[in-house]
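Enquirer: Got a predicted structure here, sequence first:
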Amino acid sequence: MKRNIIAALAALPVAVTLGAGIAHADDSSYLDALHRAGITWLPWMQGSEVMSGHVICSELRSGQKPADLAGQFPIPSDAAPTIAAAQSELCPDTLGRWSTQPKENETP
């Protein structure tokens, strides 16, 4: 039993590192998707952009529709590509829950 615990503890840093790599890849691909969509930010705001993506996912998982979230964007034309990038790169489990995605310049 003691050997199993030691082995599990020894494997923990590897598991944490691999898990962090996966999460980082999602964040990176999200930022890449925003960049491809023409959405830019100041370098020191990158963390805020990633956090916004995770907030979008949280709201979608709690039952908000993409069109409802679109009305909360300060730049309406950024809504559809930002929500689409979050769904495809950070929370693909939210794809297909609703029949429509917000359209560019759409307000609820």
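Expert: The structure has been received and is ready for your questions. Residues are numbered from 1 along each chain as shown.

Enquirer: Helices of this structure, start to end?
Expert: 2-36, 46-61, 66-70, 79-89 (DSSP state H).

Enquirer: How about residue 37, nearest residue that isn't a chain neighbour?
Expert: Spatial nearest neighbour of residue 37, excluding adjacent residues (C-beta to C-beta, 6 or more residues apart in numbering): residue 81 at 3.6 Å. C-beta here means a position set from N, CA and C on the backbone, and glycine is covered the same way.

Enquirer: For the one you found, grab the count of nearby residues.
Expert: By other C-beta atoms under 10 Å, the residues close to residue 81 number 17.

Enquirer: My guess is it contacts residue 34. True?
Expert: Yes. Counting by C-beta atoms under 8 Å, residue 81 touches residue 34, with 7.1 Å between them.

Enquirer: if we can go back for a sec, looking at the helices of the chain, which has the lowest confidence?
Expert: When the helices of the chain are compared on average pLDDT, helix 2-36 comes out lowest at a mean of 57.

Enquirer: any idea of the pLDDT on residue 107?
Expert: Confidence at residue 107, expressed as pLDDT, is 49.

Enquirer: Please apply the same query to residue 75.
Expert: 87.

Enquirer: I'd like to know how far it sits from residue 41.
Expert: According to C-beta to C-beta, to the nearest Å, residue 75 stands 11 Å off from residue 41.

Enquirer: The two: which has the busier surroundings?
Expert: Each of residue 75 and residue 41 has its neighbours counted (other C-beta under 10 Å); residue 41 has more, 14 against 8.

Enquirer: Skip the chain neighbours and tell me the closest residue to the more buried one.
Expert: Closest to residue 41 by C-beta to C-beta, 6+ apart is residue 49, at 5.2 Å.
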